[in-house]
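J.: Using only what follows, build the 3D model:
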Amino acid sequence: MAGDLWLEPEPADQGKRLDQFLRERLPQYSRARLQEWIDQGRVLVNGSAEKRSFLLKGAERIGVEPGELAPLRATAEDIPLDVLYEDGDVIAINKPAGMVVHTGAGQHSGTLVNAVLHRFGMLSSVGGVLRPGIVHRLDRFTSGVILVARNDAAHRNLADQFASRQVEKIYLALVHGLVKNDQGSITTPIARDPIRRTRMTARLARGRHASTTYRVLKRLDGLTFLEIKIGTGRTHQIRVHLASIGHPVVGDKLYGAAASDLGRYFLHAQQITFTSPGTGERVSVIAPLAPDLERFLGTRK
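T.: Okay, here's the model as predicted:
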C-alpha cells in the first residue's frame with residue numbers, strides 16, 4: 001500500500017469500532033469517505049481487511065491507503081439521455097437502471113447530473129454544486145421518470161410541491177406472492193435498520209411517516225404486478241413497505257427476495273404529474289416500462 005497513512009491505536013482505544021477510530025484520528029476526511037475506504041479494502045488491520053464494526057484491542061498496526069477524493073463540483077459528461085419532456089424550467093429524464101442520480105461516495109462519473117449538465121448546461125444551484133437541479137431522487141436500480149430543475153425559482157417551486165404532496169408519482173412493481181386484495185394501503189413508519197445500516201425497516205414502532213397505496217394490475221404464477229402510488233418519499237419506501245407485508249419486489253435481495261435472473265429489482269417510475277412552475281398548468285410525464293422489465297414480464301404467465 002504505497003502512500004499509506006500508518007496508525008497505531010493506544011490502550012485507550014480498546015473497544016472502539018474501526019470506523020470510529022479512523023474518524024477520530026483522521027478528522028480531515030468525512031465519515032462516509034473513511035467507511036468507503038474500509039469497504040474497499042483500503043484499510044488493513046495487521047495486514048488484513050476488516051469490517052467497519054471491527055472492535056480494536058488497542059495494539060494493532062493500521063494502514064490506510066487514501067482513495068481518490070471526490071470532485072469539488074459536478075462535471076459535464078457526454079452520456080446519452082432519454083429526454084421525455086422539457087421546457088424553460090423543468091426537464092424530465094427517463095433514467096435507466098444502474099445510473100446513479102448524482103455524485104456520492106465512490107461515484108464521481110456516469111451520473112445523471114453529469115449527463116444533464118453536458119446536454120443542457122446550467123441547472124438550478126439550490127441543491128449545491130454536486131447536485132445541481134436535483135429536486136428528488138430515484139434509487140440506482142430503479143428506472144423511470146425523474147425531474148430536474150433548470151433554475152433556482154423552478155427548483156424551489158417544485159420542492160414546495162413535493163413537500164406539500166402536490167406531485168403525483170406512479171410506479172410499477174412485480175412482487176413475489178399473490179397479493180390477496182385488489183387494492184390496499186400501507187402506512188407503517190420507516191426508519192433506518194439499526195443492525196444493517198444499508199437497509200431501512202418498517203418493523204420498528206418508531207420512524208418517519210410513510211404512505212404507499214397499491215392496485216393489482218395482474219396476478220401471475222406466484223407473482224403479482226402492481227401499480228403503486230406514494231404519498232411520501234422515504235428512502236427505499238416502496239421496497240420496504242411491500243416487503244413488510246410479505247411481498248418483496250422481485251430481484252430485491254436486500255429486502256428478502258430470492259435471487260433473480262433479471263439482474264436488478266423490478267421497480268419502475270412510470271409517471272409523474274406536477275404543476276409547471278412557468279405556466280401553472282398540470283403536466284404529466286410517462287416513462288414506458290423499461291425494456292428489460294418488459295421482457296422479464298413477458299416470460300411470466
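
J.: Find the residue at the geometric middle of this structure.
T.: The centroid of the chain falls nearest to Asp139 when counting by C-alpha atoms, centre = their mean (3.0 Å).

J.: Verify the contact between that one and His236 for me.
T.: Yes. Using C-beta atoms under 8 Å, Asp139 makes contact with His236 at a distance of 6.9 Å. Heads up, the C-betas are built off the backbone N, CA and C, glycines and all.

J.: Tell me which other helices or strands the lowest-mean-pLDDT helix or strand in the chain touches.
T.: Here the helix or strand of the chain ranked lowest by mean pLDDT, DSSP states H and E is helix 31-39, holding a mean of 85. Under the contact criterion of 3 or more C-beta pairs under 8 Å, 6 or more residues apart in numbering; DSSP states H and E, helix 31-39 touches helix 18-25.

J.: got a list of contacts for the helix it packs on?
T.: Contacts to helix 18-25, defined as C-beta atoms under 8 Å, 6 or more residues apart in numbering, come from residues 7, 9, 13, 16, 29, 31, 34-35, 38, 43, 45, 50-56, 62, 64.

J.: Name the spans of the stretch 51-200 of the chain whose pLDDT lies under the cut-off.
T.: 68-72, 104-107 (pLDDT under 70).

J.: try 80
T.: 67-73, 103-108, 129-130, 197 (pLDDT under 80).

J.: and the longest helix for the protein?
T.: Longest helix in the chain, counting residues (DSSP state H): helix 152-163.

J.: next structured bit after it?
T.: Per DSSP states H and E, the first helix or strand lying C-terminal to helix 152-163 is strand 168-176.

J.: Could you point out the helix or strand that follows that next one?
T.: That would be, after strand 168-176 and using DSSP H and E, strand 183-186.

J.: Show me what that next one is packed against.
T.: Contacts defined by 3+ C-beta pairs under 8 Å, 6+ apart place strand 183-186 against strand 212-219, helix 237-244.
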